[in-house]
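[1] curious how this folds, go ahead:
(4 chains)
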Protein chains: 2
Amino acid sequence: MLQQSGSHSCQSCQVRHLSILSRMSTERLGQIAQDFNPSVITFGGQDTIYYQGDSARYAYTVRSGFVKLLSILPNGRTHIVRVLHTGDLLGFEGIVGGKYAHTAMALTKVDVCRFALSELMALKQNYAEVDGMLTQRWIQSLTKAEDMLVELGAKKTGERLGAFLVRWCESAPKGIEGWVPLPLSRAEVGELLGMTVETVSRALSEWKRQGLFQERGGFIRLPDVERLCATVCNISRSEVLNVG
Amino acid sequence: MLQQSGSHSCQSCQVRHLSILSRMSTERLGQIAQDFNPSVITFGGQDTIYYQGDSARYAYTVRSGFVKLLSILPNGRTHIVRVLHTGDLLGFEGIVGGKYAHTAMALTKVDVCRFALSELMALKQNYAEVDGMLTQRWIQSLTKAEDMLVELGAKKTGERLGAFLVRWCESAPKGIEGWVPLPLSRAEVGELLGMTVETVSRALSEWKRQGLFQERGGFIRLPDVERLCATVCNISRSEVLNVG
DNA sequence: CGTTTTCTTGAATCAACTCAATACGAGTGG
DNA sequence: CCACTCGTATTGAGTTGATTCAAGAAAACG
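    Below you'll find the predicted structure:
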């Protein structure tokens, strides 16, 4: 499934406040209309948005749904590098080296806004607001990647899974009554956190039994975050997340 | 040990070609002299350049020597996030959030060029060459961090160590006859790759016996990279433990 | 409804860790 | 120069956390 619904107007975009254009005034937005021609495209779950190594012509912003970025090793193993949702930018790394660094795959039905990298670069040069947002995004992605690196390098499986769940529930778009969508299979969680399906399943089952974790049709809930953190490594929430 | 040798001239800088100013013409360089006032500072091995969480006023470029960036977890464990050498930029993340994300520590005697973040940001705004270089650096660090993430998430200890050695020998400044400086203790290699001192030591000793790895006073050499890779990827128990 | 995929659970195995002891090397001071 | 220390590296033995292999149970799908 792949559906293209033509060019949209940035002015009327519902998720612009989450995008790299969030700092732009409405009048400035009008100016860019001629040089910036994004398309809105819809992908179905499991669809590939682009492939690792493909020559990169476009970058994308997620309008709705979830996307995973994965790195495929020569030996066939795959690792999920990042999971993206509304407002996140992907494919931008193409401006250095000209190739996509990962394969981007839709985890759910996904709406993206697609635009040429060349147009984005022009925008960055001519509009300080865009340049500032891009800078901010990179530093944030770098910080996030490095945080993950520390997770993988210095923590045990249980701690990693616990920290992941807590962070996910805090950052993902919330549903009702604390139920948060988690469009990842056990296997995918494993690929993200560097552990096997079985290990993920065992830990989640155990926490379910202890009333620390609930799940219903693709949504999850953590009834007692403090206690989960304590159980996982006998430390507080802030320590699990490594925040001051 | 900390020694400040006052402001230097970018024009006469020996390592400018490796820095974020590499793309600037000599005449353009003259223009920035009034607004850009870097200092050259020397640190001794083990000195801390800045601390994780400190409010960030400066960024630095490594002129010579090696620097480690480390993340310290609440439970006391530390993880080395990156090792930097000549030409690398550090501390730049301070422009978002205003704090350093890591502790930067000198592994050897180190010369850095220090400049105010505010000055760097002004430079970035006024000179497209600098902006371009920063962008490039940023994407490269992100790509590197994500590569490391995959290493930690999807590979076993031997594979990680092997890959690290090969990469190090390819990217570090070379000495004579293939001897490359490695200013990291076994413990530090472990902190970088998420394994214990003992595991690092065991693998290196084994490879030494097999003639795949040599070491002399802080310098290392890989006589047969191909065979090392072959050995590392066939993770047979008898080979690793040398039994049978 | 059966079929397929995903999830769970158990048992056995193994890689990597911890603990512990020894060896090496650099530096210090008698 | 040797004995002493201190930090680092090596090596061994035992333990354990996580994996692999395998078999059921539960969802999801057409």
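[2] find the nearest non-adjacent residue to A:Arg137, please.
    A:Leu89 (5.9 Å; CB to CB, 6 or more residues apart in numbering or on different chains). In short, each C-beta sits where N, CA and C put it, glycine included.
[3] just confirm that neighbour contacts A:Gln136, I think it does.
    No - judged on CB atoms under 8 Å, A:Leu89 makes no contact with A:Gln136 at a distance of 10.8 Å.
[4] which parts of chain A are helices?
    Here chain A has its helices, by DSSP state H, at A:26-32, A:117-126, A:128-154, A:157-171, A:186-193, A:197-209, A:225-233, A:237-241.
[5] out of these, flag the one nearest A:Val110.
    Minimum separation from A:Val110 across the helices of chain A (CB to CB) falls at helix A:186-193, 15.2 Å.
[6] more neighbours: which of A:Leu89 and A:Gln136?
    Between A:Leu89 and A:Gln136, A:Leu89 has the larger neighbour count (other CB atoms under 10 Å in any protein chain shown), namely 19 against 15.
[7] on the strand side of things, show who that one bridges to.
    When assigned by DSSP bridges, A:Leu89 has beta-bridge partners A:Thr61.
[8] how far away is it from chain B?
    Note on A:Leu89: its distance to chain B, by CB to the nearest CB, to the nearest Å, is 12 Å.
[9] beta-bridge partners for the residue nearest the centre of chain A, please?
    The residue lying closest to the centre of chain A (CA atoms, centre = their mean) is A:Leu84, at 1.5 Å. According to DSSP bridges, the partner residues bridging A:Leu84 are A:Val67.
[10] show me the contacts for it.
    By CB atoms under 8 Å, 6 or more residues apart in numbering or on different chains, the residues touching A:Leu84 are A:Val62, A:Phe66, A:Val67, A:Lys68, A:Leu69, A:Leu90.
[11] contact residues of chain A facing DNA strand D?
    A:Lys156, A:Thr157, A:Gly158, A:Gly194, A:Met195, A:Thr196, A:Glu198, A:Thr199, A:Arg202, A:Gly217, A:Gly218 (CB under 7 Å from any atom of the strand).
[12] among these, who's most crowded?
    Taking other CB under 10 Å as the neighbour criterion, A:Gly194 ranks highest of those with 23 neighbours.
[13] ok, now how distant is it from B:Lys156?
    11 Å (CB to CB, to the nearest Å).
[14] domains of chain A?
    What automatic domain parsing lists as the domains of chain A is A:2-145, A:155-241.
[15] any low-confidence regions in chain A?
    Scanning chain A for pLDDT under 70 picks out A:1-8, A:234-244.
[16] for DNA strand C, give me its nearest residue in it.
    A:Ser205 (2.8 Å; CB to the nearest atom of the strand).
[17] show me what contacts that residue?
    Contacts for A:Ser205 were tallied using CB under 8 Å, 6+ apart; there are none.
[18] so how far is A:Ala172 from it?
    Distance, A:Ser205 to A:Ala172, using CB to CB: 22 Å.
[19] A:Leu89 now?
    17 Å.
[20] how about A:Leu228?
    For A:Leu228 relative to A:Ala172 (CB to CB), the value is 16 Å.
[21] those two: who's more crowded?
    Taking other CB under 10 Å, A:Leu228 and A:Ala172 do not tie; A:Leu228 has more neighbours (20 against 17).
[22] now the more buried one. Nearest residue, chain neighbours left out?
    A:Leu212 (4.5 Å).
[23] just to check, the one you found is in contact with A:Glu226?
    No - contact criterion CB under 8 Å: A:Leu212 and A:Glu226 do not qualify, at 10.1 Å.
[24] list the contacts of the nearest residue to A:Gly91 once chain neighbours are set aside.
    The spatially closest residue to A:Gly91, leaving aside those adjacent along the chain, is A:Ala59, at 4.2 Å (CB to CB, 6+ apart). Neighbour list for A:Ala59: A:Leu89, A:Leu90, A:Gly91, A:Phe92, A:Gly94, A:Arg114, A:Phe115, A:Leu117, A:Leu120 [criterion: CB under 8 Å, 6+ apart].
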